[in-house]
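Q: have a look at this fold, sequence not included:
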Ligand code: AMP
């Protein structure tokens, strides 16, 4: 499924294309259709998983389609009427802001990120205003922002309460309530403020709650403020996959990568494998190449008809296909216990996808092996995965397939894991790539590190 088949409004599709988003992330894939269907959502996912778009795209879609309908029936949107009143010099009397959507966030930084993302996604909509109401912002400035009667308010709970109590905001028209990083808001002691705010909103609202965890106090609150919610659990940093031996092999170029892959696929401990590629075309090409080399390989990707996909998966389950060459979205949820190895021919776009990928092996209580074939230029991407998973991925070298460039001159040279011994010859921590970062809810995310990049995107380099 892509953004188009999910059925998003054309103006959003345009904005997504401009933003360079080609495919939905895992959380978007699950949350966007459910939210479009009007469901309440309880989502456990991390910063960096693409969760902002997961709640903002369905909300903007709703506003865009409502604006289209209003335009058709009345000729003018309510906002256009307000604008023409202004142009007739009729000064509107002070009215409390009546937002249609409220996003509560624990911090100012996150509120600003959400507002910026909203501006980006809503760039081609007829009119949509999102403002951030934050502690620390001068009061007159906030009054000015509220006077514009924005459709979307993004706020930290404390400051919002002040405005609510002084009658500057009226939530009677609220359609969508989002609690972003709800666990953090509770950690910060916002529970009473949140309860008060929620109580001021209509019971008919759609509620979406995002949190690193849905257990404990958060879970209790989440269930109280949602109705028959769809629960979406996205694998997070805490999914440690300790039964999966992970390693990185550095390669010099494509030919080195292909030779090493063929060699590793001959490992006698290998039963079945999934090889992940960045593109559908690569999945086809590599599957063809592996077949010629004598492996029973098959491709699996989103351009294949459902019938063909089902046949391939059946072949995998029956053991006729030994090597599945797949893209992320197509391979999501594959549950074949005989998959002993996962190979990242290309690294995934999101660290979250790395966790999904390696989780295709080591199923049903078995052990598994996950190998990433990495170019020296992708070092940063491996680090981001390590930060996200809070695990160090050892570097390994196979004798006869050593890269010309050593991965890190400061580190000891790799010994020799040989296919067949079925374990990682690296002493964990010895040839490690980098030390795990100190646990931090924000620091473990992929998005966080890349947020400062000029493209404003946190994807790994474009391929
Ligand atoms: P978030 O988890 O919402 O903070 O998003 C993390 C980063 O991923 C942000 O920089 C987004 O712009 C980016 N992002 C979100 N969805 C996608 C997507 N489908 N494709 C590429 N980048 C995305």
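A: Cool, got the structure. All values reported here derive from a predicted model rather than from experimental measurement. Numbering: from 1, shown residues only.
Q: just to check, residue 148 is in contact with residue 131?
A: Yes: contact between residue 148 and residue 131 holds when scored by C-beta atoms under 8 Å: they sit 7.1 Å apart. (Each C-beta comes from the backbone N, C-alpha and C, glycine too.)
Q: more neighbours, the two?
A: Neighbours were counted for residue 148 and for residue 131 using other C-beta atoms under 10 Å; residue 131 has more, 22 against 12.
Q: hang on, the more buried one in a helix?
A: No: when classified by DSSP: H, G, I helix; E, B strand; the rest coil, residue 131 is found to be strand rather than part of a helix.
Q: how close does the residue nearest the centre of the chain sit to the ligand?
A: Ranked by distance to the mean C-alpha position of the chain (C-alpha atoms, centre = their mean), the top residue is residue 49 at 2.3 Å. Distance, residue 49 to the ligand, by C-beta to the nearest ligand atom, to the nearest Å: 5 Å.
Q: what's the answer for residue 375, then?
A: Applying C-beta to the nearest ligand atom to residue 375 and the ligand gives a distance of 21 Å.
Q: excluding chain neighbours, what is closest to that residue?
A: By the measure of C-beta to C-beta, 6 or more residues apart in numbering, the closest residue to residue 375 outside its immediate chain neighbours is residue 251, 6.2 Å from it.
Q: strands along the stretch 251-400 of the chain, start to end?
A: For the stretch 251-400 of the chain, applying DSSP state E, counting those that start in this stretch gives strands covering 272-276, 297-300, 323-326, 339-344, 368-375.
Q: same list, those strands, but as TSV with mean pLDDT please.
A: Below are the strands of the stretch 251-400 of the chain laid out as TSV (pLDDT from 0 to 100):
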stretch	mean pLDDT
strand 272-276	97
strand 297-300	96
strand 323-326	96
strand 339-344	96
strand 368-375	96
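Q: mean neighbour count, the ones you listed: which tops it?
A: Of the strands of the stretch 251-400 of the chain, the one with the most neighbours on average (mean count of other C-beta atoms under 10 Å) is strand 323-326, at a mean of 28.
Q: in what helix or strand does the residue nearest to the centre of the chain lie?
A: Assigned by DSSP states H and E, residue 49 falls within no helix or strand.
Q: likewise for residue 201?
A: If you go by DSSP H and E, residue 201 is not part of any helix or strand.
Q: was I right about it contacting residue 173?
A: No: Residue 201 lies out of contact with residue 173 (C-beta under 8 Å); the separation is 9.7 Å.
Q: if you count what's nearby, which of the two comes out ahead?
A: In this comparison of residue 201 against residue 173, neighbours counted by other C-beta under 10 Å, the higher total goes to residue 201 at 19 against 13.
Q: in the stretch 301-450 of the chain, which spans are helices?
A: 306-318, 328-331, 351-358, 379-389, 446-450 (DSSP state H, counting those that start in this stretch).
Q: roughly how far apart are the residue nearest to residue 375 and residue 268?
A: As for residue 251, its distance to residue 268 is 22 Å (criterion: C-beta to C-beta, to the nearest Å).
Q: who's more crowded, these two?
A: For residue 251 and residue 268, the more surrounded residue by other C-beta under 10 Å is residue 251, and the numbers stand at 22 against 9.
Q: residue 292 - how many residues pack around it?
A: Here the number of neighbours of residue 292 (other C-beta under 10 Å) works out to 9.
Q: mind listing what's buried along the helix ranked longest in the chain?
A: Across the chain, the helix with the greatest residue count (assigned by DSSP state H) is helix 51-74. Judged by neighbour count (16 or more other C-beta atoms under 10 Å), helix 51-74 contains these buried residues: 51-64, 67, 70.
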